[in-house]
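K.L.:
when you get a sec, could you give me coordinates for this:
(chains A, B, C and D)
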2 protein chains.
Amino acid sequence: MLSKKAKYGLKAMFYLGKHYGKGPVLIAHLAEEENIPKKFLELILLELKKNGILHSKMGKGGGYSLSKSPDEIKVGQIVRILDGPLAPIACVSKTAYRKCDECENEKTCEIRKIMMQVRDASAAILDHTTLADAPKAIFTINRKSR
Amino acid sequence: MLSKKAKYGLKAMFYLGKHYGKGPVLIAHLAEEENIPKKFLELILLELKKNGILHSKMGKGGGYSLSKSPDEIKVGQIVRILDGPLAPIACVSKTAYRKCDECENEKTCEIRKIMMQVRDASAAILDHTTLADAPKAIFTINRKSR
DNA sequence: GTAAAATTCTATTAAAACGATAGAATATGT
DNA sequence: ACATATTCTATCGTTTTAATAGAATTTTAC
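P.N.:
Here you go, the predicted structure:
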């Protein structure tokens, strides 16, 4: 499940994507426009900033803006920052691998193989789509014969 | 993220799949074999039974067994029972749809469109794979030109 | 019909994660 | 100096997660 934190973050990022090049946007404005609790949004934007994909300016005339072009910011990156790894299980994560405690040998674990497929499919979508994409159904699943 | 509950449940179900036709298996045995806390496993198996995919027998010679053939039990069904809907966000769930509180109009929501793709990709994998599958990479992602 | 073996039920618990809020501190522009 | 914004630190209540405990019930075997 995508947390509210990530959902709010994505909303804000897409908004800033549309506003790209038109100067900084206030937290208060983003919160209002996207129906996000302002104080909560502050923390989220700060986290995104600390991870380098947002730029901010304090004081009058300040606010938030994307640190690079919308077509260079992947949705997957935002989700990973706010919700952690995409993988449904740590032992198939590429960015945060961790062995399962209870699993004897990883090589033969059916669950691992299945979840690896899920991870790969999700990552293919999320790491391909950027803030500039008006998302279309650009992916199809090919079910090969068994 | 897949919960431990779902992971344990899947482990047990795969085990029972391999043991299919050879009579009931004890909770204690499953717990031992798969390194799962026994008391926790009890609850999990009970939940799977109440959802009709496990059969149990009390008393001596009792235990758990699959209520149908392994090739008829989908991994997606097990995950849904134990962890709820596959969709990363409720507004794209086919089994448990719910409107987002903060979302004005669903039709134009970019996040929704992306997460719908993720849901569909995950569901395609999980609802295709059964307990009988020695999972192979049967799916590929076709990235169409944009 | 009693004992042993097993699942079933109900309740509780500790810890972590989630969602959100509060207030003070700091930086910036005029 | 003042108003405007972000930044920082702390806290809080609720829910979920992971697990445990113990009594109740069903079944088989003798």
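K.L.:
next, count neighbours for the one residue in chain A that gets nearest to DNA strand C.
P.N.:
Closest residue of chain A to DNA strand C, CB to the nearest atom of the strand: A:G59 (2.7 Å). Every C-beta, even on glycine, is put in place using the N, C-alpha and C of the backbone. With neighbours defined by other CB atoms under 10 Å in any protein chain shown, the count for A:G59 comes to 6.
K.L.:
if I look at it, how far off is A:M13?
P.N.:
Here A:G59 is placed at a distance of 23 Å from A:M13 (CB to CB, to the nearest Å).
K.L.:
confidence score at the closest residue to A:N51 other than its chain neighbours?
P.N.:
Excluding its sequence neighbours, the residue lying closest to A:N51 (CB to CB, 6 or more residues apart in numbering or on different chains) is A:I81, at 4.7 Å. At A:I81, the model reports a pLDDT of 98.
K.L.:
right, and A:I81 touches A:E47 too?
P.N.:
Yes. A:I81 is within contact range of A:E47, at 6.4 Å (criterion: CB atoms under 8 Å).
K.L.:
which neighbours do these two share?
P.N.:
A:G9 (CB atoms under 8 Å, 6 or more residues apart in numbering or on different chains).
K.L.:
show me which of these two is the more surrounded one.
P.N.:
Between A:I81 and A:E47, counting by other CB under 10 Å, A:I81 is the more crowded of the two (18 against 14).
K.L.:
could you list the buried residues of stretch A:13-28?
P.N.:
Going by neighbour count (16 or more other CB atoms under 10 Å in any protein chain shown), the buried part of stretch A:13-28 is A:M13, A:F14, A:Y15, A:L16, A:G17, A:H19, A:Y20, A:V25, A:I27.
K.L.:
picking that back up, can you confirm the residue nearest to A:N51 is in a helix?
P.N.:
Yes. A:I81 sits within a helix when classified using DSSP: H, G, I helix; E, B strand; the rest coil.
K.L.:
ok, it - contacts?
P.N.:
Here A:I81 is in contact with A:G9, A:E47, A:L48, A:N51, A:I53 (CB under 8 Å, 6+ apart).
K.L.:
and the gap between it and B:L66?
P.N.:
41 Å.
K.L.:
ok, A:F40 next?
P.N.:
For A:F40, the distance to B:L66 - CB to CB - is 45 Å.
K.L.:
so which of the two has more stuff around it?
P.N.:
With neighbours defined as other CB under 10 Å, A:F40 and B:L66 compare such that B:L66 has more, 20 against 13.
K.L.:
residue contacts, that one?
P.N.:
Counting by CB under 8 Å, 6+ apart, B:L66 has contacts B:M13, B:L16, B:G17, B:Y20, B:I53, B:L54, B:H55, B:I73, B:L131.
K.L.:
next up, phi/psi of it, please.
P.N.:
phi -70, psi 140 (degrees, to the nearest 10).
K.L.:
the one 10 residues further on now?
P.N.:
Main-chain dihedrals, B:G76, degrees, to the nearest 10: phi -60, psi -40.
K.L.:
I'd like to know how many residues surround the residue nearest to it when sequence neighbours are not counted.
P.N.:
The shortest distance from B:G76 to any non-neighbouring residue, by CB to CB, 6+ apart, is to B:L126 (3.5 Å). B:L126 has 21 neighbours, counted by other CB under 10 Å.
K.L.:
and B:L126, what pLDDT?
P.N.:
97.
K.L.:
same check on A:P37?
P.N.:
98.
K.L.:
quick one, what contacts it?
P.N.:
A:P37 neighbours (CB under 8 Å, 6+ apart): A:A31.
K.L.:
so the residue nearest to B:G76 makes contact with A:S122?
P.N.:
No. With contact defined as CB under 8 Å, B:L126 does not count as touching A:S122 (11.7 Å).
K.L.:
in what helix or strand does A:Y15 lie?
P.N.:
Element membership for A:Y15, per DSSP states H and E: helix A:4-18.
K.L.:
that helix near chain B anywhere?
P.N.:
Yes. Helix A:4-18 reaches chain B (CB under 8 Å from any CB of the partner chain) through A:K7, A:Y8, A:L10, A:K11, A:F14.
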